[in-house]
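>>> predicted model follows, preceded by the sequence.
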Amino acid sequence: MPIFSFKILIYVHHPTRNNVRNPVICLSFNQLQKILSLFFSFIMTIKKNIAILLFDKIEVLDFAGPFEVFSVCGASGPNPGHFNVYTVAEKSPVLARNGLSINPQFSLDNCPIPYIMVIPGGGGFYEDGSPYGSRKEMHNPVILNWIEKHNATAELVLSVCTGSLMLAKAGLLNGLSATTHWKAMDQLKEVAPDTKLVYDGRWVDNGRIITSAGVSAGIDMSLYVISKLMGRSVADETARYMQYDHWGEGGNKE
């Protein structure tokens with residue numbers, strides 16, 4: 001059987017030397033393969049930033065579920081996982097539902113640029129009709145401006161539960177399909193009349209913007225995102241570590 005081999009020459013063009021091109025690097029095919037392998041291995045070690053927005057009266061599992069999923073993905077013992085997950089808020093501390101006090105890692109002004117942005121939900125209306133949680137923050141221009149700013153560069157934008165209301169107010173759901181907590185469907189329809197509502201999906205994938213139904217559905221959506229980015233086997237291993245055996249069904253791709 002004949003054995004084939006060849007070399008790759010990389011030239012530098014010298015326009016001032018009578019257009020002579022001199023080879024400066026000579027690589028065999030195997031050497032090029034090794035270089036490319038090292039390059040892509042290096043790329044894989046660069047962790048993707050995941051920013052999770054926090055605000056007062058946030059639903060705990062809305063943010064803690066995705067935080068756990070993305071944090072443990074690829075982690076082994078004390079070794080960190082595949083993602084750099086951090087929390088962001090307008091103020092500190094943040095008082096979540098039932099008074100849980102949280103110290104966000106970054107403010108809206110100094111957070112690293114996110115590859116993935118997660119907008120959780122939670123909240124409602126007091127007896128006097130005044131809003132709290134996501135129902136209040138959906139009218140907060142500071143948070144809406146932050147969402148709009150990072151939407152311009154984020155690879156994926158995710159919402160959990162009534163976090164979809166903030167995406168809608170920021171104009172991100174126009175012409176798309178979306179879901180939210182079953183109790184907030186009517187309000188989402190009012191805020192985003194041009195959005196197709198999905199009533200029976202745990203999550204809805206529009207390609208870059210993905211919304212989930214209420215509370216625990218954020219875990220399913222996060223595992224789905226891992227499968228989308230890294231493959232089903234990585235998502236399954238993450239779910240197995242968490243002993244979360246209920247994901248994989250109930251999503252919608254638009």
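Thanks, I have the structure now. Please read all numbers here as calculations on a predicted model, not as lab measurements.

>>> got the phi and psi for the residue lying closest to Phe83 once chain neighbours are set aside?
Counting by Cβ to Cβ, 6 or more residues apart in numbering, Phe70 is the residue found nearest to Phe83 once chain neighbours are left out, at 4.6 Å. From N, CA and C alone the C-beta is placed, and that goes for glycine too. When read as degrees, to the nearest 10, the backbone of Phe70 gives phi -70, psi -30.

>>> now the helices for the stretch 151-254 of the chain?
163-169, 185-191, 217-230, 232-242 (DSSP state H, counting those that start in this stretch).

>>> what is the neighbour count of Lys48?
Counted by other Cβ atoms under 10 Å, the residues lying close to Lys48 total 16.

>>> now Pro80
Neighbour count of Pro80, defined by other Cβ under 10 Å: 13.

>>> residues contacting it?
Lys47 (Cβ atoms under 8 Å, 6 or more residues apart in numbering).

>>> against Ala51, how distant is it?
17 Å (Cβ to Cβ, to the nearest Å).

>>> what is the neighbour count of Gly163?
Around Gly163 there are 31 other residues, counting by other Cβ under 10 Å.

>>> phi and psi next, for Leu144.
phi -60, psi -40.

>>> ugh, wrong one, I meant His82
phi -80, psi -20.

>>> these two touch, right, it and Ser71?
No - between His82 and Ser71 there is no contact under Cβ atoms under 8 Å: 9.7 Å.

>>> pLDDT below threshold where in the stretch 1-150 of the chain?
Along the stretch 1-150 of the chain, segments meeting pLDDT under 70 span 1-27, 29, 32-45.

>>> just the helices of the stretch 151-254 of the chain: most buried one?
helix 163-169 (a mean of 28; mean count of other Cβ atoms under 10 Å).

>>> with just CA atoms, put that helix into PDB.
Only the C-alpha atoms of helix 163-169 are listed here, as PDB (Å, rounded to 0.1, in the frame of the first residue of the first chain):
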ATOM      1  CA  GLY A 163     -38.300  36.600  33.900                       C
ATOM      2  CA  SER A 164     -39.900  36.500  30.400                       C
ATOM      3  CA  LEU A 165     -41.900  39.600  31.400                       C
ATOM      4  CA  MET A 166     -38.600  41.600  31.600                       C
ATOM      5  CA  LEU A 167     -37.500  40.200  28.200                       C
ATOM      6  CA  ALA A 168     -40.800  41.200  26.800                       C
ATOM      7  CA  LYS A 169     -40.600  44.800  28.200                       C
END
